[in-house]
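1. sequence plus predicted model, see below.
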Amino acid sequence: MNWQLNKANLRTKAKKISAPERVFILKNKLEDFDYFGQNTMVNMHWTSDQFWNADYFGLMELISAKPEKDRLVDPGKMFEQYQKQEKG
């Protein structure tokens with residue numbers, strides 16, 4: 001019985017959002033997506049058809065791609081480089 005009481009105490013209440021506030025939040029999310037489309041058309045020179053017909057997740061991967069110098073490094077290789085610097 002004690003474990004049930006402890007489990008109940010861990011639950012948090014969800015914040016209640018009014019209907020007008022929810023509409024405002026969703027409207028802003030749609031506006032953000034439209035702005036993203038606008039930037040894609042301006043910076044990547046896409047047409048609106050290309051943007052609306054593109055796979056969303058593929059587009060997100062394309063936009064978030066990083067140059068080689070900014071990518072994560074294998075921890076093993078990084079440790080080897082660190083040891084070489086320490087010796088040299």
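-> Okay, I see it.
2. quick check: longest helix in the protein by residues?
-> helix 19-43 (DSSP state H).
3. can you mark which positions in the helix or strand following that one are buried?
-> Once helix 19-43 ends, the next helix or strand along the chain (criterion: DSSP states H and E) is helix 48-53. By 16 or more other C-beta atoms under 10 Å, the buried positions in helix 48-53 come out as Phe51. Heads up, the C-betas are built off the backbone N, CA and C, glycines and all.
4. which strands and helices sit next to helix 48-53?
-> helix 19-43 (3 or more C-beta pairs under 8 Å, 6 or more residues apart in numbering; DSSP states H and E).
5. what is the mean pLDDT for the helix it packs on?
-> Per-residue pLDDT values across helix 19-43 average out to 90.
6. which outside residues touch the longest helix of the chain?
-> 17, 46-48, 51-52, 59, 63 (C-beta atoms under 8 Å, 6 or more residues apart in numbering).
7. how near is Lys16 to Arg22?
-> Counting by C-beta to C-beta, to the nearest Å, the separation of Lys16 from Arg22 is 10 Å.
8. now the end-to-end length of stretch 60-77.
-> Terminal residues of stretch 60-77 are spaced 29 Å apart (C-alpha to C-alpha, to the nearest Å).
9. please, which helix or strand holds Gln83?
-> Gln83 belongs to helix 75-87, assigned by DSSP H and E.
10. now for that helix, which elements pack on it?
-> Partner elements for helix 75-87 (3+ C-beta pairs under 8 Å, 6+ apart): none found.
11. of Lys16 and Arg22, which one has the most company?
-> It is Arg22, of Lys16 and Arg22, that has more neighbours when counted by other C-beta atoms under 10 Å, with 10 against 6.
12. how near is that one to Phe36?
-> The value you get for Arg22 to Phe36, if C-beta to C-beta is used, is 21 Å.
13. one more: Asp49?
-> From Asp49 to Phe36 the distance is 16 Å (C-beta to C-beta).
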